[in-house]
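*Asks:* fold the following, please.
(one chain, ligands or ions: 1)
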Amino acid sequence: MNIAMVGFGKMGHMIAQAAELRGHKIVCSVDPFARDASLVTGDAASMAEGVKNSGAEGVIEFSHPASVFSNIQALIPLGLPLVVGTTGWHDRIDEVSAAVERGGGSLLYSSNFSIGVNLFYRIVSEASRLMAEFEQYDVALFESHHNQKADSPSGTALELAKRVMDGVPRKTRLVTDAFVRKPEADELHLSSVRVGSVPGTHTVWFDSAADTIELTHTARNREGFALGAVRALEWLQGPDQSGATKKGIFTMKDVFNDI
Ligand SMILES: NC(=O)c1ccc[n+]([C@@H]2O[C@H](COP(=O)([O-])OP(=O)(O)OC[C@H]3O[C@@H](n4cnc5c(N)ncnc54)[C@H](O)[C@@H]3O)[C@@H](O)[C@H]2O)c1
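*Replies:* Numbers count the residues shown, from 1 in each chain. As a prediction, the model looks like this:
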């Protein structure tokens, strides 16, 4: 497949490498600062024009939380399969869904493309449903990432928190700030640390007076994200079960159901 990369930083380069190893061709890379990008611009309209003219059959967006939304808006009218890894815009999913429907294309997004994290999501959902029956257990989340990460908490941590709250009905409010008072029983605390080069660690604790159950996913490097993003685009570009072109909004959950 001919692929366009929007955002050619650490992830962009790694995805390009993973895509080429799987037989794809990077026909366009767009970034306002990367000197080795084929198109050096931060303007969303020029980026979309460049992607359109490159002959790309699919697009992968890993840029910055400040630019992702305008990039998505500019790319949707091209009607190409679009995979978005940048986080920080998921609260505007309704707007994006409506635009994708109008554009007739497809968009797949995930706060985390690693296969291990997607398995971890399922484990946390299942554990939360199980622990909900045992009121003696409190629950909290912790995440740590490298000190170049622009958003906090991570999109992955927010997804985990959502899953914990879906599973444990006694937790109804997420608190991501430091506590300067005692937490209320219905508050779910999620804390974040930024340090050095950590690729990403997420922990969910279930804690009682007697013991602690700790579930942790530790990313060792970014290769898992890169391969997952390429596989997501391959899946999105492929036909659905009836042989038709996929249209609309998808997540890694859809990819997993089909793998
Ligand atoms: N979903 C996932 O699995 C996953 C995994 C890792 C990182 N991420 C997210 O992906 C994003 C990129 O991560 P990274 O580690 O490559 O960061 P990075 O800082 O190394 O690269 C980001 C690149 O985006 C470029 N950029 C800035 N504005 C742009 C614009 N308007 N158009 C195009 N490019 C633009 C920057 O110049 C930079 O080169 C971050 O938001 C990160 O949180 C997601």
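
*Asks:* from here on, just use CA atoms for contacts and neighbour counts.
*Replies:* Noted.

*Asks:* domain-wise, how is the chain divided?
*Replies:* 2-113+222-258, 115-218 (automatic domain parsing).

*Asks:* show me the strands in the stretch 101-250 of the chain, by range?
*Replies:* All strands of the stretch 101-250 of the chain, identified by DSSP state E, counting those that start in this stretch, fall at 106-109, 138-145, 173-175, 187-194, 201-207, 212-218, 248-250.

*Asks:* wait, does the first one contact the ligand?
*Replies:* No. In this structure, strand 106-109 remains apart from the ligand according to Cα under 6 Å from any ligand atom; the gap is never smaller than 7.5 Å.

*Asks:* mean neighbour count and mean pLDDT added to the domains of the chain, as JSON lines?
*Replies:* Compiled in JSON lines, these are given as follows (neighbours: other Cα atoms under 10 Å; pLDDT from 0 to 100):
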{"stretch": "domain 2-113+222-258", "mean neighbour count": "19", "mean pLDDT": "95"}
{"stretch": "domain 115-218", "mean neighbour count": "16", "mean pLDDT": "96"}
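
*Asks:* show me what contacts the most centrally placed residue in the chain?
*Replies:* Of all residues in the chain, the one closest to the mean position by Cα atoms, centre = their mean is residue 111, 1.7 Å from it. When contacts are counted by Cα atoms under 8 Å, 6 or more residues apart in numbering, residue 111 touches 85, 86, 87, 155, 156, 159.

*Asks:* ok, and which of those residues reach the ligand?
*Replies:* Filtering the contacts of residue 111 for neighbours of the ligand using Cα under 6 Å from any ligand atom leaves 85, 86, 87.

*Asks:* any residues of the stretch 51-200 of the chain in contact with the ligand? List them.
*Replies:* Checking the stretch 51-200 of the chain against the ligand by Cα under 6 Å from any ligand atom, the hits are 62, 63, 64, 65, 67, 85, 86, 87, 110, 111, 112, 113.

*Asks:* report pLDDT for residue 259.
*Replies:* pLDDT recorded at residue 259 is 52.

*Asks:* who's in contact with the longest helix seen in the chain?
*Replies:* Longest helix in the chain, counting residues (DSSP state H): helix 115-131. Outside helix 115-131, the residues that touch it by Cα under 8 Å, 6+ apart are 112, 137, 159-160, 163-168, 204, 206, 215, 217, 224-225, 228, 252-253.

*Asks:* now stretch 93-108
*Replies:* Counting by Cα under 8 Å, 6+ apart, 72-73, 76-84, 232-233, 236, 246-252 sit against stretch 93-108.

*Asks:* in contact with the residue in the stretch 151-259 of the chain that the ligand sits nearest to, which residues?
*Replies:* Here the stretch 151-259 of the chain gets closest to the ligand at one residue, residue 225, 4.8 Å apart by Cα to the nearest ligand atom. Shown in contact with residue 225 (Cα under 8 Å, 6+ apart): 112, 113, 114, 115.
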